[in-house]
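> Take a look and give me a structure for this.
(one chain, ligands or ions: 2)
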Amino acid sequence: MSKADSCCKVGRVAEEYDLSPGLSDETLDEQLKYRWLGSEEYPEMSHRTLVDWLHKHLLRTRYTEHGRSTLEPHLESDYEAIKDAESDNHHAVLSDLETDGIDGEKLLDDFVSPATMYRHLTECLDVEKRRKQQSDATSDRNKLEYVESTAEMYISDLLSSWENKGKVPHASDADTTVRIYLECPECAKQTNIRTVQQQGYVCEDHMLAQSEHST
Ligand SMILES: [Zn+2]
Ligand SMILES: [Zn+2]
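Ligands and ions are numbered 1, 2, ... in the order given. Below you'll find the model as predicted:
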């Protein structure tokens, strides 16, 4: 297989780190696909969980090369500190990595966003996540996740284009969080759609207990 052009950042990083998924013969892309779909006896993972899975894989690969411990609790706490630049331990862990000859900033640079992972799965690998028979709650949650991921994907395209045109420098470095709010037509109170799902109403003053009117 030609290694000349990688499909996207996920492909590039996988090649650069020469990621192999361990004992099995499966390629990394096969593993990503199976894990996302929850097929071939893998538990189903969301694309966000797959991002963490991939990143820890990067860490494990570099750590092994540099003789740093890859014990799960150690790796996990390093990972949390590396990915969160605000974390108290961020700089401590980066300089500790440096003593082992590992460039933590570079690792962080190579991390991919959930939107990139989603695009790699759906566009590069052309995987379609079929809706299985699910409970209503799961299916609603998946629809919401789908809408949010798609929005994140389009927004990240937009940000890249702003950055490329010089409109907004470093726009693509920004973290994007898509939150959907529903607004009460009466008083314009806004409530997060996930909160609405949990509490069962948009506005407690104007959109509650509709059944009282109909009885
Ligand atoms: Zn890709
Ligand atoms: Zn209201």
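
> ranges for the strands of this structure?
181-183, 190-192 (DSSP state E).

> Would you reformat those strands as JSON lines and include mean neighbour count and mean pLDDT?
(Each C-beta comes from the backbone N, C-alpha and C, glycine too.) Listed next are the strands of the chain as JSON lines, based on neighbours: other C-beta atoms under 10 Å; pLDDT from 0 to 100:
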{"stretch": "strand 181-183", "mean neighbour count": "13", "mean pLDDT": "96"}
{"stretch": "strand 190-192", "mean neighbour count": "14", "mean pLDDT": "95"}
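
> so which of these gets nearest ligand 2?
strand 181-183 (8.6 Å; C-beta to the ion).

> ok, back up a step: kindly reformat the strands of the chain as JSON lines containing distance to residue 138.
Shown next, in JSON lines, are these (distance: least, C-beta to C-beta, whole Å):
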{"stretch": "strand 181-183", "distance to residue 138": "21"}
{"stretch": "strand 190-192", "distance to residue 138": "19"}
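
> and those as JSON lines, adding distance to ligand 2?
Below are the strands of the chain laid out as JSON lines (distance: least, C-beta to the ion, whole Å):
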{"stretch": "strand 181-183", "distance to ligand 2": "9"}
{"stretch": "strand 190-192", "distance to ligand 2": "9"}
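
> Near ligand 2, which residues of the chain are found?
184, 186, 187, 189, 203, 205, 206 (C-beta under 5 Å from the ion).

> Of the residues you listed - the most surrounded one?
When neighbours are counted by other C-beta atoms under 10 Å, residue 203 leads the residues of the chain next to ligand 2 with 18 neighbours.

> Tell me who's in contact with the residue nearest to that one when sequence neighbours are not counted.
Nearest non-adjacent residue to residue 203, counting by C-beta to C-beta, 6 or more residues apart in numbering: residue 184, 3.4 Å away. With contact taken as C-beta atoms under 8 Å, 6 or more residues apart in numbering, residue 184 is in contact with 190, 191, 202, 203, 205, 206, 207.

> need the contact list for the nearest residue to the third one once chain neighbours are set aside.
For residue 202, ignoring the flanking residues on the chain, the nearest one in space by C-beta to C-beta, 6+ apart is residue 182 at 4.9 Å. With contact taken as C-beta under 8 Å, 6+ apart, residue 182 is in contact with 190, 191, 193, 196, 202.

> One more: residue 179?
Contacts of residue 179 by C-beta under 8 Å, 6+ apart are 192, 193.

> and what of residue 112?
Per C-beta under 8 Å, 6+ apart, neighbours of residue 112: 9, 10, 13, 51, 54, 55, 120.

> swap the cut-off to 6 Å and go again
9, 10 (C-beta atoms under 6 Å, 6 or more residues apart in numbering).
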